[in-house]
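Participant: any chance you can model this:
(chains A and B)
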There are 2 protein chains.
Amino acid sequence: MRHSLSRGSGAVPQTAAVPSPWVATLLALLIAGPAAPPVWSQESPPPPTMGTVLEGSVPSDWRALDQANTIYVTLPMGRVVIALAPELAPRHVANIKALVAERFYDGLAVTRSQENYVVQWGDPTAAGEERRAIVKARASLPPEFDRGLTDDLAVALLEDPDSYAPKVGFAHGLPVALDPASGRLWPAHCYGMVGVGRDLAPESGSGAELYVVIGHSPRHLDRNVTLVGRVVEGMEHLSTLPRGTGSLGFYEDPSEHVPVVSIRLGTELPDAERAHLELLSTDTATFRALIVARRVRTESWFVEPTGRIGLCNVPLPSRPAAP
Amino acid sequence: MRHSLSRGSGAVPQTAAVPSPWVATLLALLIAGPAAPPVWSQESPPPPTMGTVLEGSVPSDWRALDQANTIYVTLPMGRVVIALAPELAPRHVANIKALVAERFYDGLAVTRSQENYVVQWGDPTAAGEERRAIVKARASLPPEFDRGLTDDLAVALLEDPDSYAPKVGFAHGLPVALDPASGRLWPAHCYGMVGVGRDLAPESGSGAELYVVIGHSPRHLDRNVTLVGRVVEGMEHLSTLPRGTGSLGFYEDPSEHVPVVSIRLGTELPDAERAHLELLSTDTATFRALIVARRVRTESWFVEPTGRIGLCNVPLPSRPAAP
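Facilitator: Now for the predicted structure:
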């Protein structure tokens, strides 16, 4: 599917899918430099809207939620479903699954809700008291802040500039940033992304403390913490939690803690209790068409079609799986 | 105050304050192009942290909240204080003040709370019923989506690229974007910004419906709606409202509406009921040093100092006024 913009068909975002060597493709994109602000021309046929793009999708554009890499966080107000990304943080995802298996999280609490920043859960035990023991999982792990760019990694690149990285796009269903010069790629802190809290030492994170972005994307955290996935259902249960009044949004009084009733892996749950969702794969022509649709807003409400898009404003659609 | 980064003193953001002609300065910045990702060099003295910058501020860096352009929105759960920006949207700010004066808002309701997007209030009357009349204020206004760049406008420019505009920075205490080619400037949809809801027609907004950004910055709304200011206190009363389950986050049942008890102008209130806040002026050396401090994160927790910053991640500090 191609859409004519005033700058010609080159305006359609390309997927840098498995070029060998990938460096050449990325450098070619970078050498072109950030384009002048594109303007949708009234003479060109308008690109379709997101609704039209999704209506035109085919079954193979979608992938079922992988229950073996999905965790269900049960809070008193509802459940939060998180799709983990073993492709981007294999050791941390494995450790979170080990923590789930030993029921480490059950009965812990949301201890932090910081306005325009993050919600975080973990062991609410005060300093000096005995903390929840980690039995079989690891209590610390080497960081997985970024990974190498490899030929088997399909990245749907955005053409517009990013404030934080030389290039940005999507890989394995997640927003990512990359640096061709260093050959590194890392997930980006967009709304709903899930990360591993850590102390001063980079290797001090284990997954025993997890946080979720609930405000404007704090991209300065990129490459400073390990991101392990994103919330695909139930964000509203986290984003509407009362804000903590302590430093960094921590709840000052234990009575404010919100219990984490349990965390379970999808494969542990009876079928009726699973979220039956399909996620739009980001390595498809449909997803690239969706980027165009959201980049050039020709719906009648828009006076200014924008003609640009930022990484964290690209939607990552899901839909109920066919019964 | 200057800080040495590895790229030299040019890394200190400049204020394009009243150059004449301003175009030359902006073009010079643009011709330089987006810089390579700057890296803080261990050999250079680290820039100070934000805390150190604010401790070093002087009284003239701060301006008291202008009560003649501040509105207080009283909700059942607390009050939201909004600093209006007559410099950027004079007609709409005047009309909102006229609506406050005729008590138009009192007894209306928050009707919309859309996850990762906006909260909005206005007349909750269902279609077909009689809506609240606007008596003296105007029911529609020519849009104020952007304004011309003029020599008297001091803009603290960021040097890092923006996904949506050729240049971005701060003017009159607000995040702004600008396009030297067209000579236009407009406020940017960052977290906490307040805008004027409108229907299809660009001139259909009056201020009778207002919305506040509660998620990742929806910058595609820039130049499509009139922004009138930002929340300076009480954001948490809006961001934690239950999300509406209807289309676009509207509450489906009138019982879900959150009453807008009243909206008052600061100058109407007794002194004891006003917010006594000072805001850091964005046309000061202290603010520019703050940008550097947040751009290069040398606090010990950070492994990757980033060396870049996006518009909506620059803090806009406030503090209690001296008694």
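Participant: so how far is chain B from the residue nearest to A:Leu280 when sequence neighbours are not counted?
Facilitator: Nearest in space to A:Leu280, with sequence neighbours left out and distances taken as C-beta to C-beta, 6 or more residues apart in numbering or on different chains, is A:Pro317 at 4.5 Å. For every residue, glycine as well, the C-beta is placed using N, CA and C. To chain B, A:Pro317 is 14 Å away according to C-beta to the nearest C-beta, to the nearest Å.
Participant: A:Pro317 against A:Leu290, yeah?
Facilitator: Yes: at 7.3 Å, A:Pro317 and A:Leu290 qualify as touching, with contact defined as C-beta atoms under 8 Å.
Participant: show me which of those two is the more surrounded one.
Facilitator: Taking other C-beta atoms under 10 Å in any protein chain shown, A:Pro317 and A:Leu290 do not tie; A:Leu290 has more neighbours (27 against 16).
Participant: contacting residues for the residue in the stretch 201-323 of chain A positioned nearest to chain B?
Facilitator: The nearest approach of the stretch 201-323 of chain A to chain B comes at A:Gly310, 3.6 Å away (C-beta to the nearest C-beta). By C-beta atoms under 8 Å, 6 or more residues apart in numbering or on different chains, the contact set of A:Gly310 is A:Asp160, A:Asp162, B:Ser163, B:Tyr164, B:Ser217, B:Arg219.
Participant: for stretch A:148-166, which residues meet the burial criterion?
Facilitator: Residues A:149, A:153-166 are the ones in stretch A:148-166 that count as buried (16 or more other C-beta atoms under 10 Å in any protein chain shown).
Participant: in the sheet, who's paired with A:Leu277?
Facilitator: Taking DSSP bridges as the rule, A:Leu277 bridges to A:Pro320.
Participant: do I have it right that it meets A:Asp66?
Facilitator: No: counting by C-beta under 8 Å, A:Leu277 stays clear of A:Asp66, with 10.5 Å between them.
Participant: so for the two, which residue has more residues nearby?
Facilitator: Set A:Leu277 next to A:Asp66 and count neighbours by other C-beta under 10 Å: A:Leu277 wins out with 18 against 14.
Participant: any idea how far B:Pro317 is from that one?
Facilitator: As judged by C-beta to C-beta, to the nearest Å, A:Leu277 and B:Pro317 stand 41 Å apart.
Participant: ok, A:Ala83 next?
Facilitator: A:Ala83 is 36 Å from B:Pro317, by C-beta to C-beta.
Participant: isn't A:Glu256 up against A:Arg243?
Facilitator: No: with contact defined as C-beta under 8 Å, A:Glu256 does not reach A:Arg243; the gap is 10.0 Å.
Participant: stretch A:130-142 near chain B at all?
Facilitator: No: if you take C-beta under 8 Å from any C-beta of the partner chain as the test, stretch A:130-142 misses chain B, and the best it gets is 12.4 Å.
Participant: swap in stretch A:75-93?
Facilitator: No: figure legend: stretch A:75-93 not in contact with chain B (C-beta under 8 Å from any C-beta); closest approach 9.8 Å.
Participant: buried stuff in that stretch?
Facilitator: Quick answer for stretch A:75-93 (16+ other C-beta under 10 Å): A:75, A:79-89, A:91-93.
Participant: end-to-end on that stretch?
Facilitator: Counting by C-alpha to C-alpha, to the nearest Å, you get 21 Å between the two ends of stretch A:75-93.
Participant: which ones are touching A:Phe104?
Facilitator: A:Phe104 sits in contact with A:Arg132, A:Ile134, A:Val135, A:Ala137, A:Ala208, where contact means C-beta under 8 Å, 6+ apart.
Participant: contacts for stretch A:175-183, please.
Facilitator: Here stretch A:175-183 makes contact (C-beta under 8 Å, 6+ apart) with A:23, A:26-27, A:30, A:88, A:148-149, A:155, A:162, A:164-170, A:184-188, A:190, A:193, A:222, A:311-312, A:314, B:37.
Participant: list only those of these flagged as buried.
Facilitator: Buried among the contacts of stretch A:175-183 by 16+ other C-beta under 10 Å: A:26, A:88, A:149, A:155, A:162, A:164-170, A:184-188, A:190, A:193, A:222, A:311-312, A:314.
Participant: these in strands, which ones?
Facilitator: Using DSSP state E, A:Val155, A:Lys167, A:Val168, A:Gly169, A:Phe170, A:Arg184, A:Leu185, A:Trp186, A:Pro187, A:Met193 are the members of the buried ones among the contacts of stretch A:175-183 that sit in strands.
Participant: give the bridge partners for the third one, please.
Facilitator: Which is A:Val168. Taking DSSP bridges, one obtains A:Ala177 as the residues bridged to A:Val168.
Participant: low-confidence stretches in chain A?
Facilitator: A:1-44 (pLDDT under 70).
Participant: switch to 90 and redo it
Facilitator: Within chain A, the segments meeting pLDDT under 90 span A:1-47, A:126-130, A:150-154, A:298, A:322-323.
Participant: domain assignment for it?
Facilitator: With domains defined by automatic domain parsing, chain A comprises A:9-62+A:279-320, A:64-278.
Participant: which of these has the highest mean neighbour count?
Facilitator: domain A:64-278 (a mean of 19; mean count of other C-beta atoms under 10 Å in any protein chain shown).
Participant: what's the span of that domain from first residue to last?
Facilitator: Start-to-end span of domain A:64-278 (C-alpha to C-alpha) is 4 Å.
Participant: hang on, A:Met77 packs against A:His237?
Facilitator: Yes: A:Met77 is within contact range of A:His237, at 5.0 Å (criterion: C-beta under 8 Å).
Participant: which stretches of the stretch 151-300 of chain A form strands?
Facilitator: A:155-157, A:167-171, A:174-179, A:184-187, A:193-196, A:210-213, A:227-233, A:258-259, A:262-265, A:277-280 (DSSP state E, counting those that start in this stretch).
Participant: other SSEs contacting the last one?
Facilitator: Taking 3 or more C-beta pairs under 8 Å, 6 or more residues apart in numbering or on different chains; DSSP states H and E as contact, the helices and strands that strand A:277-280 lies on are strand A:62-64, strand A:227-233, helix A:285-295, strand A:318-320.
Participant: in CSV, list those along with distance to B:Ile71.
Facilitator: Listed next are these as CSV, based on distance: least, C-beta to C-beta, whole Å:
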stretch, distance to B:Ile71
strand A:62-64, 46
strand A:227-233, 34
helix A:285-295, 33
strand A:318-320, 38
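Participant: and of the ones you listed, who's closest to B:Pro59?
Facilitator: Closest approach to B:Pro59 among the helices and strands packed on strand A:277-280 (C-beta to C-beta): strand A:227-233, 41.9 Å.
Participant: please see if that closest one touches chain B.
Facilitator: No: Strand A:227-233 stays clear of chain B (C-beta under 8 Å from any C-beta), getting no nearer than 10.4 Å.
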